[in-house]
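> just the structure for this:
(one chain, ligands or ions: 2)
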Amino acid sequence: MKIAVIGTGYVGLVTGVTLAEIGHQVTCIDVDKEKVETLNKGISPIYEEGLTELIQKNLDGGNLAFTSSYQQGLQGKDIVYLAVGTPQGEDGSADLTYIHKACDSIAETLQNDVIIVTKSTVPVGTNSYIKKRIEDKLAAGIKVEIVSNPEFLRQGSAVYDTFNGDRIVIGSDSPEALRAIAEVNAPFNLPIVQTDLKSAEMIKYASNAFLATKISFINEIANLSERVGANVDLVADGMGMDKRIGRAFLNAGAGFGGSCFPKDTNALISIGKEVDYTMPLLESVINVNNKQRGIIAEKVIEQYPDLSGKQVAVLGLAFKPNTDDMRDAPSIHITERLLEKGATLRAYDPVAMDNAKKVLSNKIEYVKDIESAIADADLAIILTEWDVIKEFPLSAYKKYMKKAVLFDGRNCFTIDQVAGTDVEYHSIGRPVENDA
Ligand SMILES: NC(=O)c1ccc[n+]([C@@H]2O[C@H](COP(=O)([O-])OP(=O)(O)OC[C@H]3O[C@@H](n4cnc5c(N)ncnc54)[C@H](O)[C@@H]3O)[C@@H](O)[C@H]2O)c1
Ligand SMILES: O=c1ccn([C@@H]2O[C@H](COP(=O)(O)OP(=O)(O)O[C@H]3O[C@H](CO)[C@@H](O)[C@H](O)[C@H]3O)[C@@H](O)[C@H]2O)c(=O)[nH]1
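Ligands and ions are numbered 1, 2, ... in the order given. As a prediction, the model looks like this:
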């Protein structure tokens, strides 16, 4: 099939590249000319394992192209994927500005019938609106059909997830369009769930809201465990063995961040408000998370009420490992809070430091490795569970730091690993180990 993909962010780029990899002829369109230029050189503007190799392979093979011109990108295409951002608006609802702009550009440019496939996460009812908005501005005689095809990839494993996802969801009120998009996706060889348009839109929000609920639930259990002397890791393992519960997304820590869970949970509440339906469970999930994101900083402050003159090492800045993304990362709030209390911060992240510099305070010093970050530090704080951080020997904290005090916001080490070392270890939902 001849396919255009609009937006080359985490979702659009991975979609375009993987569709090319399974044999389609793909042109990706982005308004960011600098990004398009980088991509045409075979360089990925984002950090995602395996992506650069696939971009280069498919550019060389001639079935992948990048352009900032809608005219060039849409010419002769059968299918147009929409993968622009839908960030959180000021009132918590999804901001559809980019979707609207992309729709208008499609309508102004389109010369033939196409199926529009929405990958962006959009509120229930938006796909019907997208179809109408395009049709209203389209030249006479051209027809569009619409399919909702929400994306479930995780950043950090986006390429892997696309080829190994649990399901592909496609929703449409047009049986022909559904058949065509099922065929496009057939080479992925994954289960395909077919629904109506609105149910597909809802599946995306409900899935993210449910996963966010699991995280806030376990964080609440972690905070209670800490107070009654239980260990949340063992609790999660024990709960997770029940197949009805499952162990995934029961890792307690500094709360959920990133470009999806915070905004999508808020957007779902806004969708409810539009129809006079309140969602107290989801509101609590968000409230618990907002508090949880600050807990590791509050633990530090409880022990060191005045942080002036204290050298603090911050290990990990990205909202999760294996990504360079800083959107809504808990590190933003936590570093601000520690700076407010007078701490001097030296930070290290294996991949996200360039992006971190754009959003974090310019008072933070960035260093090239863990050793430099913890050298002569009074305390260290882990905010992202990168492998390089999890594999860093606990004995080295004692060697490099003034005093080996570690606040672990991601429970990177088991209590058994810490026992017998000289590290004073504070974590989430577990007893303090080796407290002086
Ligand atoms: N990031 C994820 O892990 C993820 C996963 C599933 C779903 N989603 C959803 O997918 C959508 C995209 O997310 P993302 O993280 O890839 O966003 P992103 O911000 O990384 O990328 C969006 C891209 O769209 C481009 N763009 C904006 N307006 C445009 C226009 N009018 N025409 C052409 N290009 C335009 C931007 O320049 C940018 O490159 C969102 O709705 C998001 O909720 C994201
Ligand atoms: O047990 C867990 C699992 C995750 N997290 C946190 O939750 C956030 C999100 O993590 P993850 O879901 O792995 O990353 P995302 O890339 O944000 O992916 C989510 O959001 C995407 C965008 O909608 C969806 O496509 C994915 O299916 C969904 O997992 C991160 O801050 C994690 O640290 C926890 O605190 N505990």
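
> show me the helices in the stretch 101-250 of the chain, by range?
126-137, 158-164, 175-185, 197-228, 232-240 (DSSP state H, counting those that start in this stretch).

> oh sorry, the question was meant for the stretch 301-436 of the chain
So, for the stretch 301-436 of the chain - with DSSP H, counting those that start in this stretch - the helices run 330-340, 353-359, 370-374, 387-390, 394-400, 415-418.

> quick one: closest of those helices to ligand 1.
helix 353-359 (11.6 Å; C-beta to the nearest ligand atom). The C-beta positions use only the backbone N, C-alpha and C, and glycine is treated the same way.

> can I get the helices of the stretch 101-250 of the chain in JSON lines including mean neighbour count and mean pLDDT?
Output for the helices of the stretch 101-250 of the chain, formatted as JSON lines (neighbours: other C-beta atoms under 10 Å; pLDDT from 0 to 100):
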{"stretch": "helix 126-137", "mean neighbour count": "18", "mean pLDDT": "98"}
{"stretch": "helix 158-164", "mean neighbour count": "17", "mean pLDDT": "98"}
{"stretch": "helix 175-185", "mean neighbour count": "17", "mean pLDDT": "98"}
{"stretch": "helix 197-228", "mean neighbour count": "19", "mean pLDDT": "98"}
{"stretch": "helix 232-240", "mean neighbour count": "17", "mean pLDDT": "98"}
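
> ok, which of those comes nearest ligand 2?
It's helix 197-228; of the helices of the stretch 101-250 of the chain, that one is closest to ligand 2 (C-beta to the nearest ligand atom) at 4.6 Å.

> please see if that closest one touches ligand 1.
No - Helix 197-228 lies out of reach of ligand 1 by C-beta under 6 Å from any ligand atom, never closer than 7.3 Å.

> show me what that helix is packed up against.
helix 126-137, strand 144-148, strand 168-171, helix 232-240, helix 261-274, helix 280-303 (3 or more C-beta pairs under 8 Å, 6 or more residues apart in numbering; DSSP states H and E).

> a markdown table for the helices of the stretch 101-250 of the chain, including distance to residue 147?
A markdown table is the format used below for the helices of the stretch 101-250 of the chain (distance: least, C-beta to C-beta, whole Å):
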| stretch | distance to residue 147 |
| --- | --- |
| helix 126-137 | 8 |
| helix 158-164 | 17 |
| helix 175-185 | 5 |
| helix 197-228 | 8 |
| helix 232-240 | 35 |
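
> residue 394: which of those is closest?
Among the helices of the stretch 101-250 of the chain, the nearest to residue 394 by C-beta to C-beta is helix 232-240 (16.6 Å).

> just to revisit the earlier point, turn the helices of the stretch 301-436 of the chain into CSV, columns for distance to residue 77, mean neighbour count and mean pLDDT.
As requested, these are arranged in CSV below (distance: least, C-beta to C-beta, whole Å; neighbours: other C-beta atoms under 10 Å; pLDDT from 0 to 100):
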stretch, distance to residue 77, mean neighbour count, mean pLDDT
helix 330-340, 39, 21, 96
helix 353-359, 32, 16, 97
helix 370-374, 48, 20, 98
helix 387-390, 40, 16, 98
helix 394-400, 55, 15, 96
helix 415-418, 54, 14, 94
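
> for the helix or strand of the chain with the lowest mean pLDDT, packing partners?
For the chain, counting by mean pLDDT, DSSP states H and E, helix 415-418 ranks last in confidence among helices and strands (a mean of 94). With contacts defined as 3+ C-beta pairs under 8 Å, 6+ apart, helix 415-418 has no helix or strand neighbours.

> what lies in contact with it?
Contacts with helix 415-418, where a contact means C-beta atoms under 8 Å, 6 or more residues apart in numbering, come from 231, 233, 394, 425, 430, 431, 433, 434.

> what is the nearest of these to ligand 2?
Distances from ligand 2 to the contacts of helix 415-418, taken by C-beta to the nearest ligand atom, are shortest for residue 233, at 11.4 Å.

> on that earlier part again, indicate which one of the helices and strands packed on helix 197-228 is closest to residue 343.
helix 280-303 (8.2 Å).

> near ligand 1, anything from stretch 310-321?
No - with C-beta under 6 Å from any ligand atom as the criterion, ligand 1 is not reached by stretch 310-321; the gap is at least 10.1 Å.

> equivalent analysis for stretch 39-52, please.
No - contact of stretch 39-52 with ligand 1 is not found when judged by C-beta under 6 Å from any ligand atom; the minimum separation is 7.3 Å.

> between the two ends of that stretch, how far is it?
Length of stretch 39-52, first residue to last, C-alpha to C-alpha, to the nearest Å: 9 Å.

> now what about that stretch, what contacts it?
So stretch 39-52 is contacted by 8-10, 13-14, 17, 28, 30, 35, 38, 55-56, 59, 66, 155-160, 322-325, 351 (C-beta under 8 Å, 6+ apart).

> please report how far the closest residue to ligand 1 within the chain lies from residue 44.
Distances between the chain and ligand 1 by C-beta to the nearest ligand atom are smallest at residue 9, namely 1.8 Å. For residue 9, the distance to residue 44 equals 11 Å [C-beta to C-beta, to the nearest Å].

> roughly how far out does stretch 369-385 sit from the chain middle?
Per C-alpha atoms, centre = their mean, to the nearest Å, the displacement of stretch 369-385 from the mean C-alpha position of its chain is 24 Å.

> which parts of that stretch are buried?
Buried residues in stretch 369-385, counted by 16 or more other C-beta atoms under 10 Å: 370, 373-375, 377-385.

> quick check: residues of this protein near ligand 1?
6-12, 29-32, 35, 83-86, 98, 101-102, 105, 119-121, 151, 153, 155, 259-260.

> and if we set it to 5 Å?
The chain comes close to ligand 1 at residues 6-7, 9-11, 30-32, 84-86, 98, 101-102, 120-121, 151, 155, 259, as judged by C-beta under 5 Å from any ligand atom.

> which ones among those also lie next to ligand 2?
Restricting these to those near ligand 2 - C-beta under 5 Å from any ligand atom - leaves residue 155.

> no further questions, thank you.
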